[in-house]
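Student: Quick one, fold the following:
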Amino acid sequence: MQITVQELNERIHQGKASYIVDVRTSAEYASERPDIAMLRNHPNEFIEHLDLPRDEEIYLICRSGRRSELAQQYLRSHGYSNTINIMGGLLAWRSAALPVTKTPGMFPIMRQVHLVAGALALTGALGALFWKPEVAWLAVLVGAGLTVSGATGFCGMAKLLGSLPWNKLEETP
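Tutor: Numbers count the residues shown, from 1 in each chain. Next up is the predicted model:
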């Protein structure tokens, strides 16, 4: 089952949505998220450890709706019968002008990916033109990685960047 962000917002205001799970990485969640009081972060890579009632409605959201759809498929195959994917994810939430919480100074992970991928591709192209032709392989590898990411929804560079110290949440005592 899928619903729109407007439908989710309506259900929240009617008190009908108790379990809303954001399956993005912790860094993405910390950077920006829908301003929903009962929203909890549970990254997709740990979805098998989700500990919520299997018979309750669980709303799943991510950046665009793809990762939450994958989480939904996984959870349904493991006994969660009432999972609901939020179509369009955070992008649709923002587009509908619904409230978001942003952490000042946090640089969203996908912008980091764009910055690094662009810099690597540019370095490969310019290096091949002005230094050694073999450096062009750098641009080819970045292009291949972006193609795989676009086709599958898995971005290895985002995972790698997400593990760096500045993308880790500070633990509060």
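
Student: Next, the contact list for M1, please.
Tutor: N82, T83, I84, N85 (CB atoms under 8 Å, 6 or more residues apart in numbering). The C-beta positions use only the backbone N, C-alpha and C, and glycine is treated the same way.

Student: ok, now which ones touch the spatially most central residue of the chain?
Tutor: Centroid check for the chain by CA atoms, centre = their mean gives R24 as the closest residue, at 3.6 Å. Counting by CB under 8 Å, 6+ apart, R24 touches N41, P43, N44, C62, R63, R67, L90.

Student: just to revisit the earlier point, so which of the contacts of M1 is the most crowded?
Tutor: Most neighbours among the contacts of M1, by other CB atoms under 10 Å: T83, with 24 neighbours.

Student: For it, give me its contacts.
Tutor: Per CB under 8 Å, 6+ apart, neighbours of T83: M1, E57, I58, L60, A71, Q72, L75, R76.

Student: rerun at 7 Å
Tutor: I58, L60, Q72, L75, R76 (CB atoms under 7 Å, 6 or more residues apart in numbering).

Student: do the same with A121
Tutor: Contact partners of A121, counting by CB under 7 Å, 6+ apart, are A139, V142, G143.

Student: Quick check, pLDDT for the first one.
Tutor: Looking at A139, its pLDDT is 94.

Student: I'd guessed it sits against A125; true?
Tutor: Yes: taking CB atoms under 7 Å as the definition, A139 is a contact partner of A125 at 5.0 Å.

Student: still on that earlier bit, inside helices: which ones of the contacts of R24?
Tutor: R67, L90 (DSSP state H).

Student: Narrow the contacts of R24 to those that are buried.
Tutor: Buried subset of these (neighbour count, 16 or more other CB atoms under 10 Å): P43, N44, C62, R63, R67, L90.

Student: right, and the fourth one touches G88 too?
Tutor: No: using CB under 7 Å, R63 and G88 do not qualify as a contacting pair, with a distance of 9.4 Å.

Student: Any regions of the chain where pLDDT drops low?
Tutor: Scanning the chain for pLDDT under 70 picks out 169-173.

Student: how does it divide into domains?
Tutor: 2-102, 109-167 (automatic domain parsing).

Student: which of those sits most buried?
Tutor: Neighbour counts (mean count of other CB atoms under 10 Å) averaged over each of those peak at domain 2-102, with a mean of 17.
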